[in-house]
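*Asks:* Sequence first, then the predicted structure:
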Amino acid sequence: MSELQIGLLGIGALVVVGVLIYNRLQEARLRRQSEEVFGSRHDDVLLGAKETARRPAHSNERIEPTLSAPPGEYAATAGSTLNTGIDFIVTLDAQKAVSGEAISTAIVDALGGPAKAVGWEGYNRQTASWEPLAAAGEYGRLRAGLQLADRKGAVSQQNLSDFSAMVQAVAQAIGASITLEESAEALKRAQQLDALCADVDVQIGLNLVARSGAIAGTRIRALAEAHGLRLEEDGRFCRRDESGLELYSLCNSEPQAFSAEGMKTLTSRGLTLLFDVARVPGGLATFDRFIEFVHALADALSAGIVDDNRQPLDDAGLRKIRDQLQALYAGMEQQGIPAGSPLALRLFS
């Protein structure tokens, strides 16, 4: 071969290598952009567990919800906040009536750092019911309750012991005797509640991906407010009911959170809509309103509906989610913990 041919072969090889390198760089750049724009910024996947600590951190497998609720009723006792189904309750009987102010002082003096929410109630003889402690009231009988489970998990034996010691200190300060249930039974109930929470504590996340160009923030805000959502301090648009409970929310899929001033110049290529199953009142009726809003927003913005894995969601996929929700809601109702009820809001806090 002549020197000219060898030179041409060398140039050709360099061109091929250059093209390959350029293509690889382009693929990497597009992949990074996709992850930055549409990567999920919430801990939840479609019908995945709300609390990430409930599953291995390295698991990317989509977990479908199941129901393994414990037997028994957890309906709240009328007229009281504490509930024998979800609280470890200690009863205090004083030798004579004690003012609510003195009791509150004793509680503050004995208060440590409880692992879960603690509630106190006094027995009102006039109404024959339990009520939150009132400074001006007088009580001969009290009870304190430690919540047995929440989204962070169940209480431990040490948690129960610390709580009992705190209540004992209050009892000594006001001259009262105490009666408490067996800790073994409370721990068993705590584990059952934790299993129930793990089963039904799910959040639905739907994403809208712009098909052509970025979406203007002013357009997003106008559509959100037209459908009853309001921008909140945490950077989300939220739809709430008359009592202030959140029904569903809309946030930016990109890193920048929404803000009143920022919406004027913001643009986004993706939006995320969230529905917190256990905390939303109204059950399937509210979910249907949520899906109607998703469709209306997608149509108005010419956007596609996808799940957290960027897979398109059609009507059949949404119906499957609704069927799963129907089973979850039935399980919650069966256990006396309707979605969005005060008891559910306590458990899923």
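*Replies:* Nice, thanks for sending it over.

*Asks:* From residue 314, how far off is residue 323?
*Replies:* Counting by CB to CB, to the nearest Å, the gap from residue 323 to residue 314 is 15 Å. Any C-beta I mention is one placed from the backbone N, CA and C, and that applies to glycine too.

*Asks:* do residue 91 as well
*Replies:* 56 Å.

*Asks:* Between those two, which is the more surrounded one?
*Replies:* Between residue 91 and residue 314, counted using other CB atoms under 10 Å, the more crowded position is residue 91 (16 against 8).

*Asks:* Verify the stated contact: that one with residue 141.
*Replies:* Yes. If you go by CB atoms under 8 Å, residue 91 and residue 141 touch, sitting 6.9 Å apart.

*Asks:* how close does residue 274 get to residue 159?
*Replies:* Counting by CB to CB - residue 274 and residue 159 are separated by 31 Å.

*Asks:* Give me the helix or strand of this structure that scores worst on average pLDDT.
*Replies:* strand 48-49 (a mean of 44; mean pLDDT, DSSP states H and E).

*Asks:* Can I get whichever helix or strand comes after that strand in PDB, CA atoms only?
*Replies:* Proceeding N to C from strand 48-49, the next assigned helix or strand is strand 87-99, under DSSP states H and E. Presented in PDB, the C-alpha positions along strand 87-99 are these (Å, rounded to 0.1, in the frame of the first residue of the first chain):
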ATOM      1  CA  ASP A  87     -52.700   3.700  72.500                       C
ATOM      2  CA  PHE A  88     -50.900   2.100  75.500                       C
ATOM      3  CA  ILE A  89     -53.100   3.600  78.200                       C
ATOM      4  CA  VAL A  90     -52.300   4.200  81.900                       C
ATOM      5  CA  THR A  91     -55.100   5.200  84.300                       C
ATOM      6  CA  LEU A  92     -54.300   7.400  87.300                       C
ATOM      7  CA  ASP A  93     -56.700   7.600  90.300                       C
ATOM      8  CA  ALA A  94     -56.000  10.500  92.700                       C
ATOM      9  CA  GLN A  95     -56.900  10.400  96.400                       C
ATOM     10  CA  LYS A  96     -58.700  13.700  95.900                       C
ATOM     11  CA  ALA A  97     -59.500  15.900  93.000                       C
ATOM     12  CA  VAL A  98     -56.500  17.800  91.500                       C
ATOM     13  CA  SER A  99     -56.600  21.000  89.500                       C
END
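
*Asks:* where along the stretch 201-349 of the chain do the strands fall?
*Replies:* For the stretch 201-349 of the chain, the strands defined by DSSP state E, counting those that start in this stretch occupy 202-210, 215-216, 230-231, 237-240, 246-252, 267-268, 270-276, 303-306.

*Asks:* in this structure, which segments are predicted with low confidence?
*Replies:* The model of the chain has pLDDT under 70 over residues 1-80.

*Asks:* at 80 what do you get?
*Replies:* 1-80, 112-113 (pLDDT under 80).

*Asks:* And the helices in it?
*Replies:* 3-38, 100-110, 157-174, 183-200, 217-226, 283-301, 315-334, 342-347 (DSSP state H).

*Asks:* Of all those helices, which one is nearest residue 259?
*Replies:* Nearest to residue 259, of all these, is helix 217-226, at 9.2 Å by CB to CB.

*Asks:* in that closest one, what's buried?
*Replies:* 217, 220, 221, 223, 224 (16 or more other CB atoms under 10 Å).

*Asks:* now that helix against helix 283-301, angle please.
*Replies:* Angle of helix 217-226 versus helix 283-301, following axes from the mean of the first three to the mean of the last three CA atoms, to 10 degrees, is 150 degrees.

*Asks:* contacts for helix 217-226?
*Replies:* With contacts defined as CB atoms under 8 Å, 6 or more residues apart in numbering, helix 217-226 is touched by 231, 237, 250, 258, 262-268, 271, 296-297, 300-301.

*Asks:* which of those are buried?
*Replies:* For the contacts of helix 217-226, burial is judged from neighbour counts taken by 16+ other CB under 10 Å, and it is met by 231, 237, 250, 258, 263, 266, 268, 271, 297, 301.

*Asks:* dump the residue contacts of the fifth one.
*Replies:* Right, residue 263. With contact set as CB under 8 Å, 6+ apart, residue 263 has these partners: 217, 218, 220, 221, 231.

*Asks:* try 7 Å this time
*Replies:* Neighbour list for residue 263: 217, 218, 220, 221 [criterion: CB atoms under 7 Å, 6 or more residues apart in numbering].

*Asks:* State the distance from residue 327 to residue 125.
*Replies:* Taking CB to CB, one finds residue 327 at 45 Å from residue 125.

*Asks:* ok, back up a step: any chance of the buried ones among the contacts of helix 217-226 in a markdown table, plus distance to residue 151?
*Replies:* A markdown table is the format used below for the buried ones among the contacts of helix 217-226 (distance: CB to CB, whole Å):
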| residue | distance to residue 151 |
| --- | --- |
| 231 | 26 |
| 237 | 23 |
| 250 | 22 |
| 258 | 25 |
| 263 | 31 |
| 266 | 31 |
| 268 | 29 |
| 271 | 25 |
| 297 | 28 |
| 301 | 33 |
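
*Asks:* which among those residues gets closest to residue 107?
*Replies:* residue 231 (38.8 Å).

*Asks:* The closest one pairs with what?
*Replies:* Listed by DSSP bridges, the beta-bridge partners for residue 231 are residue 237.
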